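Asker: Predicted coordinates and the sequence they were generated for:
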Amino acid sequence: MTRVRLGRWMAKVVVLYLPAAFRGGKMPYLFFFELLIILVLLLFPLLNPYHQAPLAPYGFALLMVLQMVLISRGMPLKQAIHLIGLIGLAYLMYAAWTSGGVFSPRLSWLLILPVIPFYIIGPRAGYVWLWVVIAAQTLVAAWTAQGWLMAGLSGDAAQSKYAFVTFSAVSLMLLLVPLVYDQQHRANLREGRSRQQELEKKQVELEQAQVLREQFIASVSHELRTPMNAILGFNNLLMQRVRDKPRAHEILRHTHQSAEHLMTVINDVLDYSQFLTGGLKAQAETFALRATVQQAFDLFAPRVKSMHLTYRCEIADDVPEWVSTDRHRLMQILVNLLGNALKFTHQGEVVLRVQAEPTGVLFGVQDTGIGIAQQDQARIFSRFTQAQGETQRQYGGNGLGLAITQGLVGLLNGEIGFESSPGQGSRFWFRLPLMAQTPPQAATNKTPVLQSAGQAWKFLVVDDHRLNRLLVKQILQNAWPQSTIVEAENGAKALSLWRQQRFDLVFMDMLMPVMDGVQTTQAIRQSFAKHGLAPVMGLTANVNPQDLARFKDAGLSALLLKPFDPQQLCDQAEALLLRGNTLGGNAQASPVSG
């Protein structure tokens, strides 16, 4: 390979020193071909056994040099090729006349004349010169048969005819090879172009299908998240009210776990689709690592109470308190690994360990479950793979969890791996480059939770789904009993209400009929500044990154994704209310991980 590259480099260097007219396309080949013929002509007199016209090769070589000069001076290539062909034909006819006619070895040089025009000009020019050469051979054969050669040389008519047929056949065969090659090349070229057109058409179809798929997934995700927001939200409210009724609380807890499992499936499908299109991005933020790990761990605490196993979390003392990465994605990774460990472990223990390393933090989830067979370990991170089919039938799942987990770890610039023995359990680990960070100002100066609970705030809830409005209204009334809550089913109604009175905080859905949340937020920011820049919190089930970016840029103060945690909504609202009527930044909150 090195020799080939060196040869190509040397050829490029040599071409740079050629005359400008011989540098492009096929011209370098023509230059060196004619240069080779000139050298052969200069050597001819040294080997020429014939004493007639010994200086003729020098004359022809000089004419070829002249032709090359004319090309470098701007003479059209086609004319130059035909000119040198005619000169060569005249020279070879003269050479055959002086050295044996049709029996002369010099006549074999006529075979070259059709080849040069064929490759340099085109096949048609090659065919024309082929017939010219055959005509010249016929003429020389007639000379030889009639004895019209120089110095009385003559040949037998039969021998002349045989020599003529031989030379003509060789000429035809010589041109037949490039002719077949040219026809095959043209056929391959046509086939290649046809194939390229088919591929381009397929590419367009695939791109259209991809756009439709993304739109479909986004639409389905929105339609699923919207009712799930109401289901989880009202479930949380009911669980708070029936804490003194164990049986009812147990039923609601099972309902909540089922809803969270459904949200996990929805998130897995959506995230995998975004992985395929490159639309999934990490949103780094500074947060409390220990609290986040504990939160992910505690999500499964209710489920573990009914299981016969030990469930514990071990966080080393030297693990940094504050780190910077995508908190939601880290939560999703931990929840996926913990959920898998609990799913495949019937007895023993499941342990979440977090340890500090010189280059980051090491997370590990170890269980004493069924383990993974050796033949299945190589493909355990592949999509739609769940070891054996019997495992999926027995334990359920969609086979996307580990594939998405691996992608999320890579998204956070980490690495993931596992060790497993069948019947003894597994240990999945991942390492992230997390270093200690300075706590954010909001964390160091954090105000008490809902310190404004006694104030009479005025809220505007804008959402086209009645149940979602009812959920937000109930959460706000529980948190701020003295507040006034006004509802609007679309953006146009919200703007009408905005003209009539001032609100302390607006909760804005994004996808609505008549006028959507993006347009409404822009109108509030641009057209109604005299009413005060009240904070606007976006509440949406749309998780498309481009749509969320448009929503934020419209002037949101904060954004929550449905289904949201009621406490998280209250905390975000509290922060915006205490900030006063000042437009805040586009801080994005994460949805509850299902």
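Answerer: Perfect, thanks for sending it. Numbering: from 1, shown residues only.

Asker: hey, where'd the strands end up in the chain?
Answerer: Per DSSP state E, the chain has strands spanning 285-288, 309-315, 322-325, 348-357, 360-367, 415-421, 425-432, 458-462, 484-488, 505-508, 536-540, 558-561, 587-588. These are given in chain order.

Asker: okay, the ones you listed in a markdown table with mean neighbour count next?
Answerer: Backbone N, C-alpha and C define where each C-beta goes, glycine included. Compiled in a markdown table, the strands of the chain are given as follows (neighbours: other CB atoms under 10 Å):
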| stretch | mean neighbour count |
| --- | --- |
| strand 285-288 | 18 |
| strand 309-315 | 15 |
| strand 322-325 | 21 |
| strand 348-357 | 18 |
| strand 360-367 | 22 |
| strand 415-421 | 15 |
| strand 425-432 | 21 |
| strand 458-462 | 23 |
| strand 484-488 | 18 |
| strand 505-508 | 26 |
| strand 536-540 | 25 |
| strand 558-561 | 21 |
| strand 587-588 | 16 |
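
Asker: By mean pLDDT, show me the worst of these.
Answerer: Lowest mean pLDDT of those: strand 587-588, a mean of 38.

Asker: hang on, M331 packs against L289?
Answerer: No - counting by CB atoms under 8 Å, M331 stays clear of L289, with 11.1 Å between them.

Asker: May I see the strands of the chain organised as CSV, with distance to I475 added?
Answerer: As requested, those are exported to CSV (distance: least, CB to CB, whole Å):
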stretch, distance to I475
strand 285-288, 23
strand 309-315, 29
strand 322-325, 29
strand 348-357, 31
strand 360-367, 33
strand 415-421, 37
strand 425-432, 34
strand 458-462, 10
strand 484-488, 10
strand 505-508, 10
strand 536-540, 11
strand 558-561, 11
strand 587-588, 19
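
Asker: Looking at M331 and L289, which one has more neighbours?
Answerer: L289 (24 against 19; other CB atoms under 10 Å).

Asker: Test my guess that that one contacts W322.
Answerer: Yes - using CB under 8 Å, L289 is in contact with W322, at 6.8 Å.

Asker: Now that we're looking at L153, what pLDDT does it have?
Answerer: The model's pLDDT for L153 equals 52.

Asker: Over to the one 4 residues further on?
Answerer: At A157 the predicted local distance difference test score is 60.

Asker: same question, L252
Answerer: So L252 comes in at 78 (pLDDT).

Asker: do A479 as well
Answerer: 89.

Asker: wait, it sits on A453?
Answerer: Yes - when contacts are counted by CB under 8 Å, A479 is listed as touching A453 (6.3 Å).

Asker: the more surrounded of the two?
Answerer: Between A479 and A453, A479 has the larger neighbour count (other CB under 10 Å), namely 20 against 16.

Asker: residue contacts, the more buried one?
Answerer: Listed by CB atoms under 8 Å, 6 or more residues apart in numbering, the contact set of A479 reads 450, 453, 570, 573.

Asker: how about 10 Å then?
Answerer: 449-450, 452-453, 457, 566-567, 569-571, 573-574 (CB atoms under 10 Å, 6 or more residues apart in numbering).

Asker: Okay, helices next: where are they in the stretch 101-250 of the chain?
Answerer: 115-120, 123-146, 157-241, 246-277 (DSSP state H, counting those that start in this stretch).

Asker: re earlier: where do the contact lists of A479 and A453 overlap?
Answerer: Taking CB under 10 Å, 6+ apart as the criterion, A479 and A453 both touch 570, 574.

Asker: neighbours around E250, how many?
Answerer: Here the number of neighbours of E250 (other CB under 10 Å) works out to 14.

Asker: same check, this time on V543
Answerer: 21.

Asker: Surely it and S219 touch.
Answerer: No - between V543 and S219 there is no contact under CB atoms under 10 Å: 11.4 Å.

Asker: Hmm, Q283 is touching A549, no?
Answerer: No - with contacts counted by CB under 10 Å, Q283 stays clear of A549, the gap being 11.3 Å.

Asker: where do the contact lists of these two overlap?
Answerer: Joint contacts of Q283 and A549 (CB under 10 Å, 6+ apart) do not exist.

Asker: any idea how far the nearest residue to Q294 once chain neighbours are set aside lies from F297?
Answerer: Counting by CB to CB, 6 or more residues apart in numbering, C313 is the residue found nearest to Q294 once chain neighbours are left out, at 6.5 Å. Per CB to CB, to the nearest Å, C313 is found 4 Å from F297.

Asker: list residues touching both of these two?
Answerer: Both C313 and F297 are in contact with 338, 350, 352, 354, where contact means CB under 10 Å, 6+ apart.

Asker: residues touching the nearest residue to the last one once chain neighbours are set aside, list them.
Answerer: By the measure of CB to CB, 6+ apart, the closest residue to V354 outside its immediate chain neighbours is I315, 4.6 Å from it. For I315, the contacting residues are 289-290, 293-294, 297, 352-356, 361, 363, taking CB under 10 Å, 6+ apart as the criterion.

Asker: Identify, from these, the entry nearest to L18.
Answerer: Using CB to CB, the shortest approach to L18 within the contacts of I315 belongs to V361, at 62.8 Å.

Asker: In contact with R579: list those residues for me.
Answerer: Per CB under 10 Å, 6+ apart, neighbours of R579: 535, 557.

Asker: Check L334 too.
Answerer: 292-293, 295-297, 299, 352, 354, 363, 365, 405, 430, 593.

Asker: Keeping just the C-alphas, turn stretch 479-496 into PDB.
Answerer: C-alpha atoms of stretch 479-496 as PDB (Å, rounded to 0.1, in the frame of the first residue of the first chain):
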ATOM      1  CA  ALA A 479     -50.400  24.400  47.800                       C
ATOM      2  CA  TRP A 480     -51.900  28.000  47.900                       C
ATOM      3  CA  PRO A 481     -55.400  27.800  49.400                       C
ATOM      4  CA  GLN A 482     -55.900  31.500  49.200                       C
ATOM      5  CA  SER A 483     -55.100  31.700  45.500                       C
ATOM      6  CA  THR A 484     -57.400  32.500  42.600                       C
ATOM      7  CA  ILE A 485     -57.200  30.200  39.600                       C
ATOM      8  CA  VAL A 486     -58.600  31.000  36.100                       C
ATOM      9  CA  GLU A 487     -58.800  28.500  33.300                       C
ATOM     10  CA  ALA A 488     -58.500  28.900  29.500                       C
ATOM     11  CA  GLU A 489     -58.900  26.100  26.900                       C
ATOM     12  CA  ASN A 490     -56.800  27.800  24.200                       C
ATOM     13  CA  GLY A 491     -54.400  30.600  23.600                       C
ATOM     14  CA  ALA A 492     -56.900  33.000  22.200                       C
ATOM     15  CA  LYS A 493     -59.000  32.800  25.300                       C
ATOM     16  CA  ALA A 494     -55.900  33.200  27.500                       C
ATOM     17  CA  LEU A 495     -55.000  36.500  25.700                       C
ATOM     18  CA  SER A 496     -58.600  37.800  26.200                       C
END
